[in-house]
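Peer 1: Give me a model of this one.
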Amino acid sequence: MKSTDGRRIAFSGIDLRFMVDETDGKGEMVMFEMSVLPDARVPIAHHHVAVDEAVYGLEGTLTTTLESVIHEIGPGDSLFIPRGQVHHHGNRHGATAKVLIVMTPGTIGRGYFEEVLEAASGPGKPDLARLAEIMRRHGLVPSQS
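Peer 2: From the prediction side, this is the model:
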(Lines give C-alpha, C1' and ligand atoms only; values in the text may rest on other atoms or scores of the structure.)
Protein backbone atom coordinates (compact mmCIF):
# COMPACT_ATOMS: atom_id res chain seq x y z
CA MET A 1 0.00 0.00 0.00
CA LYS A 2 1.43 3.35 -1.02
CA SER A 3 -0.57 6.46 -0.28
CA THR A 4 -0.59 9.86 1.28
CA ASP A 5 -3.65 11.77 2.44
CA GLY A 6 -2.72 14.91 4.28
CA ARG A 7 -1.41 13.88 7.66
CA ARG A 8 -1.14 10.14 6.96
CA ILE A 9 1.50 8.40 4.84
CA ALA A 10 1.55 4.65 4.21
CA PHE A 11 4.12 2.56 2.34
CA SER A 12 5.76 -0.89 2.43
CA GLY A 13 4.10 -2.05 5.66
CA ILE A 14 4.65 1.25 7.49
CA ASP A 15 1.90 3.71 8.36
CA LEU A 16 2.70 7.21 9.66
CA ARG A 17 0.05 9.50 11.20
CA PHE A 18 1.35 13.00 11.88
CA MET A 19 0.00 14.88 14.88
CA VAL A 20 2.56 17.71 14.49
CA ASP A 21 4.61 18.27 11.34
CA GLU A 22 7.15 20.78 10.13
CA THR A 23 4.41 23.17 8.96
CA ASP A 24 2.96 23.57 12.46
CA GLY A 25 4.13 26.41 14.66
CA LYS A 26 7.74 27.38 14.03
CA GLY A 27 8.71 23.88 12.87
CA GLU A 28 10.60 23.10 16.04
CA MET A 29 9.07 19.65 16.55
CA VAL A 30 7.61 16.75 14.59
CA MET A 31 5.41 14.11 16.26
CA PHE A 32 3.89 11.08 14.58
CA GLU A 33 2.51 7.65 15.30
CA MET A 34 4.31 4.92 13.38
CA SER A 35 2.80 1.48 12.83
CA VAL A 36 5.09 -1.20 11.44
CA LEU A 37 3.83 -4.57 10.20
CA PRO A 38 5.88 -7.68 10.99
CA ASP A 39 8.92 -7.93 8.68
CA ALA A 40 8.00 -4.66 6.91
CA ARG A 41 10.59 -3.09 4.62
CA VAL A 42 12.04 -0.27 6.73
CA PRO A 43 14.54 2.54 6.05
CA ILE A 44 18.21 1.65 6.26
CA ALA A 45 20.36 2.35 9.31
CA HIS A 46 21.20 6.03 9.53
CA HIS A 47 21.90 8.93 11.86
CA HIS A 48 20.51 12.45 12.08
CA VAL A 49 22.93 15.34 11.75
CA ALA A 50 20.95 17.83 13.86
CA VAL A 51 17.81 16.08 15.14
CA ASP A 52 17.15 14.21 18.39
CA GLU A 53 14.51 11.45 18.33
CA ALA A 54 12.41 9.97 21.11
CA VAL A 55 10.44 6.73 20.66
CA TYR A 56 7.58 5.69 22.98
CA GLY A 57 5.94 2.26 22.67
CA LEU A 58 2.16 2.08 22.25
CA GLU A 59 1.36 -1.45 20.99
CA GLY A 60 3.30 -4.56 20.02
CA THR A 61 7.10 -4.46 20.05
CA LEU A 62 9.37 -2.37 17.84
CA THR A 63 12.99 -3.47 17.55
CA THR A 64 15.35 -0.51 17.41
CA THR A 65 19.06 -0.99 17.01
CA LEU A 66 20.97 1.99 18.41
CA GLU A 67 24.76 2.03 18.04
CA SER A 68 24.72 -1.79 17.59
CA VAL A 69 22.63 -2.36 20.77
CA ILE A 70 19.20 -3.93 20.24
CA HIS A 71 16.27 -2.37 22.14
CA GLU A 72 12.82 -3.98 22.23
CA ILE A 73 10.30 -1.15 22.67
CA GLY A 74 6.93 -2.33 23.96
CA PRO A 75 3.96 -0.43 25.41
CA GLY A 76 5.19 2.12 27.94
CA ASP A 77 8.87 1.73 27.00
CA SER A 78 10.86 4.65 25.63
CA LEU A 79 14.19 5.22 23.92
CA PHE A 80 16.05 8.48 23.31
CA ILE A 81 18.16 8.62 20.15
CA PRO A 82 20.60 11.54 20.30
CA ARG A 83 21.63 13.21 17.06
CA GLY A 84 24.65 11.57 15.51
CA GLN A 85 23.91 8.03 16.76
CA VAL A 86 23.30 5.33 14.15
CA HIS A 87 19.93 3.64 14.50
CA HIS A 88 17.47 1.43 12.66
CA HIS A 89 13.85 0.50 13.40
CA GLY A 90 12.21 -2.80 12.50
CA ASN A 91 9.53 -5.25 13.57
CA ARG A 92 10.87 -8.75 14.25
CA HIS A 93 7.69 -9.87 15.99
CA GLY A 94 4.39 -11.41 14.90
CA ALA A 95 2.11 -8.45 15.61
CA THR A 96 2.00 -4.87 14.37
CA ALA A 97 4.22 -2.53 16.39
CA LYS A 98 2.98 0.99 17.08
CA VAL A 99 5.13 3.77 18.55
CA LEU A 100 4.96 7.50 19.03
CA ILE A 101 7.98 9.34 17.64
CA VAL A 102 8.98 12.90 18.52
CA MET A 103 11.82 14.65 16.68
CA THR A 104 13.31 18.00 17.50
CA PRO A 105 13.97 20.26 15.79
CA GLY A 106 11.29 19.46 13.23
CA THR A 107 13.46 19.31 10.12
CA ILE A 108 12.71 15.64 9.34
CA GLY A 109 8.97 15.78 8.83
CA ARG A 110 6.11 14.83 6.59
CA GLY A 111 7.80 16.43 3.56
CA TYR A 112 10.76 14.07 3.90
CA PHE A 113 8.55 10.97 4.01
CA GLU A 114 6.46 12.20 1.07
CA GLU A 115 9.64 12.60 -1.01
CA VAL A 116 10.83 9.11 -0.05
CA LEU A 117 7.41 7.65 -0.93
CA GLU A 118 7.45 9.33 -4.34
CA ALA A 119 11.01 8.16 -5.06
CA ALA A 120 10.27 4.58 -4.00
CA SER A 121 6.88 4.28 -5.74
CA GLY A 122 7.99 3.96 -9.35
CA PRO A 123 8.21 0.74 -11.32
CA GLY A 124 11.10 -1.56 -10.50
CA LYS A 125 13.51 -1.22 -7.62
CA PRO A 126 13.92 2.20 -6.00
CA ASP A 127 16.89 4.32 -7.08
CA LEU A 128 19.11 4.00 -4.00
CA ALA A 129 21.28 6.96 -5.02
CA ARG A 130 18.19 9.18 -5.24
CA LEU A 131 16.93 7.95 -1.86
CA ALA A 132 20.35 8.63 -0.30
CA GLU A 133 20.30 12.16 -1.77
CA ILE A 134 16.84 12.81 -0.28
CA MET A 135 18.06 11.53 3.08
CA ARG A 136 21.15 13.75 3.07
CA ARG A 137 19.17 16.83 2.02
CA HIS A 138 16.91 16.36 5.05
CA GLY A 139 19.80 15.78 7.46
CA LEU A 140 19.85 11.97 7.56
CA VAL A 141 23.09 10.17 6.83
CA PRO A 142 22.91 6.53 5.65
CA SER A 143 25.13 4.19 7.69
CA GLN A 144 28.23 2.84 6.01
CA SER A 145 27.86 -0.55 7.70
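Peer 1: Flag every buried residue along stretch 90-97.
Peer 2: Gly90, Asn91, His93, Thr96, Ala97 (16 or more other CB atoms under 10 Å). From N, CA and C alone the C-beta is placed, and that goes for glycine too.
Peer 1: ok, those residues vs Pro82, which is closest?
Peer 2: Gly90 (19.9 Å; CB to CB).
Peer 1: measure the closest one to Arg83 for me?
Peer 2: Separation of Gly90 from Arg83 (CB to CB, to the nearest Å): 21 Å.
Peer 1: same deal with Met103?
Peer 2: 10 Å.
Peer 1: returning to that earlier point: which members of the buried residues of stretch 90-97 occur in helices, if any?
Peer 2: Using DSSP state H, no member of these falls within helices.
Peer 1: Just the ones of the residues you listed in strands?
Peer 2: The strands, defined by DSSP state E, take in Gly90, Ala97 from the buried residues of stretch 90-97.
Peer 1: Including pLDDT and distance to Met34, could the buried residues of stretch 90-97 go into JSON lines?
Peer 2: Formatted as JSON lines, the buried residues of stretch 90-97 follow (pLDDT from 0 to 100; distance: CB to CB, whole Å):
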{"residue": "Gly90", "pLDDT": "93", "distance to Met34": "12"}
{"residue": "Asn91", "pLDDT": "95", "distance to Met34": "10"}
{"residue": "His93", "pLDDT": "94", "distance to Met34": "15"}
{"residue": "Thr96", "pLDDT": "97", "distance to Met34": "10"}
{"residue": "Ala97", "pLDDT": "97", "distance to Met34": "8"}
